[in-house]
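Q: Next one to model:
(chains A, B and C)
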Amino acid sequence: MEGKDNKYDPLLKEIWAKVRKKHFFPELPDPTISESMDRVALEIKSKQITLNQSFMEEAARHLPMEKVVEALLDHGVAHYTYCPWDFHTHLILYQEAKKVLKDKEMAQKSAGYFMDVVADTHCFKEKDTPISDLYSHMERGTLDRVIHALYQRIWGRDLNVQGCEEISRKLSRIPYLDRKPWPESIHRFSRIIQGLLESEEKLGTLNQPNPMGQNDFGRYTPEEMDQGLKEFAMSTGDPGEFKGVVRDLEDELKEAGCQTHGNMGLGSGSSLDADILFYMKLAENYSLPIKKTPIEKSGSLYPFSHSPWELGKPFRDIDPWTSFGKVMPGITQIWERREGDTFGEEEGTPSCIVVIDSSGSMINPRQHLSYAVLGAACASDAYLRNDATVAVYNFSDTRHGGRQIVDYTRHRTEIYQGICHYFGGGTRLDIEDIESLQNPSQPDIFIITDMQITNLEVLIGYINGLGNRVTAVHIGENKDVRQFRKSMEIRKNVSIYSVQKKEDIPRIVLGKIREYFRSVS
Amino acid sequence: MEDGNSRQKVRDIYGFIQDNLYLNRPDMRVAEESFNSALLFSLLTALNRGKELIIGEPGLGKTTSAEYIGAMTYRLPLGLIWAGEVSGHPEQTEEKIIGRPDLGRLNRGEEVVIWSYLAQLPIKIVDEINRLPETKQSMILDGVDRGKWEYLNDVIINEEYCLFATANYQDRGTNTLIAPLIDRFDVIVESRHPGTNMAFMIGMKDRYENVLRSAVFERRFQEILLQRRDYHEKMRGLEELCDRFGDHMEKEFHVRMLSQAERKEIRDCMQELPLDADANAFLRTVIAELSFCHKYGQKRSDEHCEEGCHYTGFLCHHTKNCISNRFPISVRTYSQSLAWLLGDEAVGIDHIKAVLPYALAHRVQWKDDYISQKQASNRRDPLQIYMGKEMVNEVYRRYNEQSHHIKNALAVAYQTLSGKGLEPIEGDHPIYAEIKRDLEEVR
Amino acid sequence: MINPFEDFKEYPYKKKEIPLDRIVRAKERVMDQIIEGYLKLVEEEVKELVWLVEHNRILKAYSSALQTIQKFDYDVDDIEELCLELDKGGRIPYLISGPSGIYISALCNNAKEQEIHLRLYELKRTFHFLGYRLPEGKTLILEGDLGDFIGAGLSGGKLIAKGSTGNWAGAGMMDGELCITEHAGQNMGEWMSGGEIHVDGQIRGIGKTIRGGRIYQRDKLIFPNYLTSRY
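A: Alright, predicted model coming up:
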């Protein structure tokens, strides 16, 4: 226990051991007791549970201190082990509540109470907890009364609550302990308590703290929040929804130590910027491999391992040393030979030019999930992770100014700004633009497009003349794709992949050259 | 049987190595205690005759940790352990690993085998096993699996043995440890960098490992091993010498080591420890998620399920292969060892949770998209072990939600198989489907 | 033969249940019945997912729905939940607005409660025929924007629409009160023979054939207009 010793520390230690066992040994640090907290009973910050001593002593006037401590710990641990379990779940619950309540504070409040109900009910049913005894004697606000009335109904225990019949009846129909329909359940939960929340807001009491602790984002570590944002990006698959939630919670996330990057807002004229953060987080779910320097074969065979000699096998590979000078089955051994490997001239990962099509035939990344932006983002991340630099060429109708070039950089935000920019115009690229990014070190080229390019033949001709490794990714199938594939059939330095769904993205191997196949084991 | 004394001895061995020989940081917590995973699992491997794969960067103590554990648990001088090690390189031959003909007698037409130290000694250390050709890897693992070593027409059978194999991360110049071979290892651990401050301390003191060396005893041990007589007689002689070496260590340096009888007693105690209901049910839950396939009956490496299966939220959707039957054996054995070490009367879910990641990290083949989701996460473990821990967390969450239901389902299944006409309990998890299938096969 | 569950021989298998489990289970049972009833109605009444609005069809669908739901023991919350299920489309593969509205109306009319409050304001779909034949003594409060034929055939009950309605609101109503807090569509009150309609917002158009009853807009009587009497 940190800080100076508290008189309840021995009791806390004893009860904590019991609670840990009850909840199957969650990975949480030992809880502490604080003498200087607000009205709340407990607080959870970055997994650390802290109990409020004055709350404990107040509650201990009605029931034994051991039960008070056990009930509080059960509540705190159940939030960690059951609901919400992780930051991603918390975001989903908030998102659903917001859809109904349309107000950030109300949605947070609703999500908080919902999580309390789920955690407490799970504890009550599965973990033999004295939580119900604690609630019987607790001071209550309006919302707390409703929640305790609900507990009375669904637990079958008298908690000294009168009234709230109708609302608790409606609330009792929700399957709190069934995890799968939680999004739908919190939707219904929010609908039912909406009136109450609105009254609280009018009275100015909405922000009163929940006596059982604020279910805020401080309970998560920055790593957990980062992971949660990644999972949230993956599960929503919708930049608008993701942005809506993250924008709401930007202050809270920053306070809790999570880095977010604000979106770019609208660009000038008719071009739009996508939600960069969404694609950044979504791309973190993928880790594309990059083929590094090719292993050159020496072309010669070298002794590699022994195998037993048998009658009929040639004599020339006999190893006289391991055969002890004998030529007889069971004793004599021959060398197996293998082609040797040597290092190539270059090492490491080359830079990459990311060529992305943001013409009108491509999806607007702000409105819907764009596989092109996602693919380009994943490729950029892969090169950045391997200490390479990335340049971006975003094209639409270059004749009419529909182009954006980002020079080689390791600055992730700049790269994403380039990738996420959406022109939505015609489709014509300018080979000179790509050429301007070429350099003697022959960077890799990653191109992602639906191939519906007006001057596709020019592009094909250009690529045919390149010595760079080219990874071409096409979205969907059409005659232009077929034409491109056919033209690239004999090109060993060009690998072509198709992306029709998110799951196709991990199959991309950057910089793969077809002649590698013979050397890959 | 009173095993408190043995337990204290084992803890003393752990403490001695940790404080003096293998300086490292604790990186896992079980019950209220912290341990270094590499040291802990090496100790458990030595005690329960296991096979451990130790990975890590070059020079971070992979081999030395195994050597110290081997020396102290089997009362062998360090020099002898070194002499018995096999190092992995492609030119290794069967003659260097297992044994060779007695050349003098061979010239007289007699086939007499001189066995290698590796084959004879109970502690078997193979350095950089991934640099051996597959045939040699297989040869060693076959031998350790059964304790039986064959050369020409002769056989020796080890009564007591354990294997420590080290491997660097895959790079040029190494072979792959193929799946059937890697599955034979009970656990995989990483020997990590000890941290700046501990690393600074290494080498500051006198080389304490000299305590475990003794030129006189090493010579005597070698004389015994080189004798041309029956293997079991040699081993008896070896054990007597181990007794003397152990006494010498205790008198001179106050270092207590384990005798053969004590090791046997410890193993017997460990094996008697039962699994409590939750540990039992949790392990079954894990096995179910790693072997079940709704579409194809069981997981198979060449049959991958697509999206849309009801069970996409479970591990079976993220893995390619079916977990082997060696896995529950490894988990049970190591959990029992760990529970014994902690002085617990039964194996609980915390012991199982502690052991699981290390027992399955090397056995599970994850799908590419699942790997790519986890690969870039912040972590302190190598990816394999990290994914093992993540997997355990996931299943733990699911188990926590429905532990009672699962245990009920298993209890009802028992009653049903015993003749009572109870209907199997339904639920949304592969374990319920597996239980139902077991009952169907019988009916 | 070996019993692989031997370890659980002594485990006391007892179902842990709390009132929540019973409540949810009972609710699920009722919802299953109600949904089954709806699907049966659709199967009988709707051919190839097309349902034409004809007087006889409406009568038949309503009568069929009433027959089905007599056996159910449900309450108001179940009715609202059905609306949510219909909107969500998970368990119910298709929503045909007409029959679903008639089915909901049958449930409302047959419910034990005298006052029924349905919150439909954030649903993606709109239902037609809500409040069909609402009988005397019943009050139906609908929150949200609604479809066509709201309060059609009203038979003495009071229907409060806290939102806008589509076309044909109050069509064929015989008695009772229809209150619309926002706007109403075309053909409002067509074929009505009694009762009152109160609209607080705009009315796009009143029915051409109105045999009786009154229509008020913002408390001002606009039908019958005594300057141009239509009777």
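
Q: where's the most far-flung residue of chain B relative to its centre relative to chain A, distance?
A: Within chain B, B:Arg108 marks the point farthest from the mean C-alpha position, 43.5 Å out by Cα atoms, centre = their mean. For B:Arg108, the distance to chain A equals 13 Å [Cβ to the nearest Cβ, to the nearest Å]. Bear in mind the C-beta positions are built from the backbone N, C-alpha and C, glycine included.

Q: What of B:Gln365?
A: 15 Å.

Q: Run through the residues that contact that residue.
A: B:Ala179, B:Ser301, B:Thr319, B:Lys320, B:Asn321 (Cβ atoms under 8 Å, 6 or more residues apart in numbering or on different chains).

Q: What segments of chain B are strands?
A: Here chain B has its strands, by DSSP state E, at B:28-30, B:33-35, B:51-55, B:86-87, B:99-101, B:113-115, B:123-127, B:148-151, B:154-157, B:162-167, B:187-190, B:292-293, B:297-298.

Q: Tell me which of those strands sits most buried.
A: strand B:162-167 (a mean of 26; mean count of other Cβ atoms under 10 Å in any protein chain shown).

Q: Please name every helix or strand in contact with it.
A: Packed against strand B:162-167 by the contact rule (3 or more Cβ pairs under 8 Å, 6 or more residues apart in numbering or on different chains; DSSP states H and E) you find helix B:37-48, strand B:51-55, helix B:62-74, strand B:123-127, helix B:134-146.

Q: Residue of the stretch 201-350 of chain B nearest chain C, please.
A: Nearest to chain C, among the residues of the stretch 201-350 of chain B, is B:Asn280, at 5.2 Å (Cβ to the nearest Cβ).

Q: what about the nearest residue to that residue once chain neighbours are set aside, how many neighbours?
A: Using Cβ to Cβ, 6 or more residues apart in numbering or on different chains and skipping residues adjacent in sequence, the residue nearest B:Asn280 is C:Asp7, 5.2 Å away. By other Cβ atoms under 10 Å in any protein chain shown, 18 other residues sit near C:Asp7.

Q: so what pLDDT did C:Asp7 get?
A: Per-residue pLDDT puts C:Asp7 at 91.

Q: Let me know the secondary structure of it.
A: State at C:Asp7, reduced to three classes by DSSP: H, G, I helix; E, B strand; the rest coil: helix.

Q: From what I see, it and B:Leu275 are in contact.
A: Yes: the pair C:Asp7 / B:Leu275 is scored as a contact, 7.3 Å apart, by Cβ atoms under 8 Å.

Q: how close does A:Leu429 get to A:Phe395?
A: According to Cβ to Cβ, to the nearest Å, A:Leu429 and A:Phe395 sit 4 Å apart.

Q: didn't A:Cys123 look like it was pressed against A:Leu134?
A: No: at 11.0 Å, A:Cys123 does not count as touching A:Leu134 under the criterion of Cβ under 8 Å.

Q: before we move on, back to that, list the residues that contact both of A:Leu429 and A:Phe395?
A: Both A:Leu429 and A:Phe395 are contacted by A:Val355, A:Asp357, A:Arg403, under the criterion Cβ under 8 Å, 6+ apart.

Q: The first one belongs to a helix, doesn't it?
A: Put plainly, it is A:Val355. No: under three-state DSSP, A:Val355 falls outside any helix and is assigned strand.

Q: who's in contact with it?
A: With contact taken as Cβ under 8 Å, 6+ apart, A:Val355 is in contact with A:Tyr393, A:Phe395, A:Leu429, A:Ile434, A:Ile445, A:Phe446, A:Ile447, A:Ile448, A:Thr449.

Q: How confident is the prediction for it, by pLDDT?
A: 93.

Q: Could you measure from it over to chain B?
A: Counting by Cβ to the nearest Cβ, the gap from A:Val355 to chain B is 23 Å.

Q: and that residue, what are its bridge partners?
A: Note on A:Val355: beta-bridge partners by DSSP bridges are A:Tyr393, A:Ile447.

Q: ok, C:Leu221 - how many residues close by?
A: Around C:Leu221 there are 12 residues (other Cβ under 10 Å).

Q: Give the buried residues for the helix or strand that contains it.
A: If you go by DSSP states H and E, C:Leu221 is part of strand C:220-223. Neighbour counts over strand C:220-223 (16 or more other Cβ atoms under 10 Å in any protein chain shown) mark C:Phe223 as buried.

Q: now swap in stretch B:326-345 and tell me
A: B:326-327, B:330-342, B:344.

Q: Repeat that for stretch A:373-390.
A: Per 16+ other Cβ under 10 Å, stretch A:373-390 contains these buried residues: A:373-384, A:388-390.

Q: OK, contacts around the residue of chain A found nearest chain C?
A: Nearest residue of chain A to chain C: A:Ile154, at 3.7 Å (Cβ to the nearest Cβ). By Cβ under 8 Å, 6+ apart, A:Ile154 lies in contact with A:Thr121, A:Ser172, A:Tyr176, C:Ile18, C:Pro19, C:Leu20, C:Ile23.
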